[in-house]
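Asker: next come a sequence and a model predicted from it.
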Amino acid sequence: MIYLLAEIKANSHCIEKAKALLESLIAPTHLEAGCESYKLFADQNEAGLFVMQEVWLSQAHLDAHLESAHFLNFLTTADEYKLFEYVKLRPMNLVG
């Protein structure tokens, strides 16, 4: 299993647009082979800070997700509109 947290900070001028774009990934990603979990969280104290919690059956499944049409569209749109200040990917190990 692959466990991944993506910490995503939206630029302050476009938080709602960034949130909508992130939300647009959820439904098609849930339909992908190997997607065990794909959840978006918004920080309660810091506006524009999001965490995507992902669980994939294998690295191959995650790699296929990163090449999917909806994810590539996400990247293009995020870049075009400069929606995000940063994205930090944190591969995780399940401890308990």
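Answerer: Arrived safely, thanks for sending.
Asker: all helices for the chain, in order.
Answerer: Assigned by DSSP state H, the helices in the chain fall at 15-30, 59-66, 69-81.
Asker: adding mean pLDDT, mean neighbour count and distance to Gln53, write those out as CSV.
Answerer: In this view, the C-beta of every residue, glycine as well, is placed from N, C-alpha and C. Formatted as CSV, the helices of the chain follow (pLDDT from 0 to 100; neighbours: other Cβ atoms under 10 Å; distance: least, Cβ to Cβ, whole Å):
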stretch, mean pLDDT, mean neighbour count, distance to Gln53
helix 15-30, 98, 15, 11
helix 59-66, 98, 14, 13
helix 69-81, 97, 13, 16
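Asker: distance to Gly96 for those helices - can I get that in CSV?
Answerer: Shown next, in CSV, are these (distance: least, Cβ to Cβ, whole Å):
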stretch, distance to Gly96
helix 15-30, 25
helix 59-66, 22
helix 69-81, 30
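Asker: roughly how far is stretch 40-55 from the heart of the chain?
Answerer: Distance of stretch 40-55 from the chain centroid (Cα atoms, centre = their mean, to the nearest Å) equals 9 Å.
Asker: now do stretch 83-95
Answerer: With Cα atoms, centre = their mean, you get 9 Å for stretch 83-95.
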